[in-house]
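Engineer: I'd like to go over a predicted model; first the sequence, then the structure.
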Amino acid sequence: MSFKNLLILPLLVVTTTLFAQQQNEVYLLDLESSMPIVGATFQYGDQNGVSDNDGILSFYFSETDTMFLSHVSYGTWKWTPEEVNEVILNKVYYRSKTTLSMYPVTVVAVRNQNQQPDERLNIDYQERMEHDGAAVLSKLPSISTIRKSGSYGIDPVFRGYKYDQLNIVLNGAQGATAACPNRMDPPTSQMAPNMLDRIEVLKGPYALRYGTGIGATINFIPAKLRFTSDPEVYGRVSSGVESNGTILRGESQIGVSSNVYDASFFASWSQGDDYTSGNGTDVQAGFMRSSFGSNLGFKLTEHQQLRVSSTYNMARDAEFAALPMDLRSDDTWMFNARHDIQVNGEHLTSWNTTLFGSFVDHKMDNLLKVIEPRMMNAETVAKTHNYGGRTEG
């Protein structure tokens with residue numbers, strides 16, 4: 001070994017020792033633009049870190065460890081102890097960006113044909129005393145409401161979708177259509193809660209089974225038919241009162257059943273007055289609402305049954321503080337007949353056919369509104385008829 005090499009060797013040892021004792025800083029720069037590489041991560045023995053906004057990596061030198069580095073735009077790479085030592089001496093490291101080529105990706109999703117509701121709300125005795133189906137529906141966390149009156153004509157909202165963007169059906173078939181252009185009588189207001197068993201919500205526009213609805217399909221399921229081995233008479237009566245608005249509620253049911261038929265009759269009545277808001281303002285919210293209906297079920301055979309139902313909804317003098325007119329009268333008839341048969345075949349298990357109809361007679365005016373000065377009296381009569389059928393297996 002020459003005298004010159006003997007002099008260099010101690011210098012390298014001293015340099016390596018200094019690197020290990022002090023914190024070293026290295027600049028990571030882009031090869032093309034010389035801009036700092038920010039956010040590069042490294043793992044170096046028991047040390048780790050991230051390059052800062054100036055592209056600086058800070059670490060203590062180790063003679064035995066390999067440094068592993070990674071960046072989303074520059075890929076992954078590593079430095080051996082010798083390369084780390086060289087980078088420390090140079091104070092800077094240049095790296096070019098890596099380009100990743102991906103093959104096209106196709107995602108195929110097959111929707112379950114036996115679609116189940118995303119949300120379900122069972123009707124309890126408290127909900128049966130409500131006079132508006134949307135008041136019950138608002139108990140679901142995904143449903144909000146639009147109130148144009150204190151206690152009547154509530155419109156549901158689902159994920160920002162409202163009005164005709166929601167498909168409202170009764171037992172899978174189309175319900176009533178609003179007659180009022182101001183939607184004092186939305187379809188949900190015609191659903192008598194005391195005749196229902198549950199409410200199902202199918203999110204999105206995919207439930208074409210019950211018709212089109214951009215936001216969701218809301219299916220009001222009527223009470224189940226009850227067939228008993230022996231003739232039986234059943235019924236219930238419920239009532240309640242709310243102090244703010246002096247709202248009185250009541251509902252009842254009476255029926256008779258046997259092993260081949262089930263006949264039940266429903267009635268409900270609600271009446272309210274103006275109420276006082278939190279700041280002491282009197283809000284016009286008076287209304288009167290009643291519903292009468294029947295469910296007739298017949299077991300034709302062991303595998304066939306027929307249900308015929310009718311509902312009459314009546315509303316009088318419902319005040320709408322947010323609208324220029326009030327509901328003076330609303331008379332709605334709804335009819336529904338459904339036949340079910342169990343086939344139990346290999347490819348077909350059941351078949352059902354439904355006929356339905358609804359007839360709405362709506363009248364509104366501004367005769368009882370306090371208008372100063374009163375320029376004119378307004379009155380509008382609106383009617384809608386809706387009928388059809390559906391069959392599916």
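Structural biologist: All right, it came through fine. Residues are numbered from 1 along each chain as shown.

Engineer: what's around Phe42, how many residues?
Structural biologist: 21 (other Cβ atoms under 10 Å). Heads up, the C-betas are built off the backbone N, CA and C, glycines and all.

Engineer: tell me who's in contact with it.
Structural biologist: By Cβ atoms under 8 Å, 6 or more residues apart in numbering, Phe42 lies in contact with 48-51, 57, 59, 67-70.

Engineer: if we use 7 Å, what do you get?
Structural biologist: Phe42 makes contacts with 48-49, 57, 67-69, as judged by Cβ atoms under 7 Å, 6 or more residues apart in numbering.

Engineer: repeat for Asn24
Structural biologist: Residues in contact with Asn24 (Cβ under 7 Å, 6+ apart) are 59-61, 88.

Engineer: ok, now how distant is the closest residue in space to Thr98 that isn't next to it in sequence from Leu100?
Structural biologist: Of all residues not flanking Thr98 in the chain, Gly75 sits nearest, at 3.9 Å (Cβ to Cβ, 6 or more residues apart in numbering). Using Cβ to Cβ, to the nearest Å, Gly75 is found at 8 Å from Leu100.

Engineer: and if you look at Val87?
Structural biologist: In terms of Cβ to Cβ, Val87 sits 25 Å off from Leu100.

Engineer: likewise Leu69?
Structural biologist: 17 Å.

Engineer: the two - which one has more neighbours?
Structural biologist: Each of Leu69 and Leu100 has its neighbours counted (other Cβ under 10 Å); Leu69 has more, 21 against 6.

Engineer: contacting residues for the more buried one?
Structural biologist: Applying Cβ under 7 Å, 6+ apart, the residues near Leu69 are 40, 42, 76-78.

Engineer: got a ChimeraX select line for the buried ones in those?
Structural biologist: In ChimeraX syntax, the buried subset of these is picked out as below (16 or more other Cβ atoms under 10 Å):
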select :40,42
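
Engineer: for the contacts of Leu69, which one is nearest Met288?
Structural biologist: Met288 has its nearest neighbour among these in Ala40, at 73.1 Å by Cβ to Cβ.

Engineer: as a whole number, average confidence for stretch 168-181?
Structural biologist: The pLDDT scores in stretch 168-181 average 78.

Engineer: okay, buried residues for that stretch please.
Structural biologist: Residues of stretch 168-181 classed as buried: 168-180 (neighbour count, 16+ other Cβ under 10 Å).

Engineer: distance to Trp351 and secondary structure added to those, as JSON lines?
Structural biologist: Formatted as JSON lines, these follow (distance: Cβ to Cβ, whole Å; DSSP: H, G, I helix; E, B strand; the rest coil):
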{"residue": "Ile168", "distance to Trp351": "25", "secondary structure": "strand"}
{"residue": "Val169", "distance to Trp351": "19", "secondary structure": "strand"}
{"residue": "Leu170", "distance to Trp351": "20", "secondary structure": "strand"}
{"residue": "Asn171", "distance to Trp351": "16", "secondary structure": "coil"}
{"residue": "Gly172", "distance to Trp351": "13", "secondary structure": "coil"}
{"residue": "Ala173", "distance to Trp351": "15", "secondary structure": "strand"}
{"residue": "Gln174", "distance to Trp351": "19", "secondary structure": "strand"}
{"residue": "Gly175", "distance to Trp351": "22", "secondary structure": "coil"}
{"residue": "Ala176", "distance to Trp351": "26", "secondary structure": "coil"}
{"residue": "Thr177", "distance to Trp351": "27", "secondary structure": "coil"}
{"residue": "Ala178", "distance to Trp351": "32", "secondary structure": "coil"}
{"residue": "Ala179", "distance to Trp351": "34", "secondary structure": "coil"}
{"residue": "Cys180", "distance to Trp351": "37", "secondary structure": "coil"}
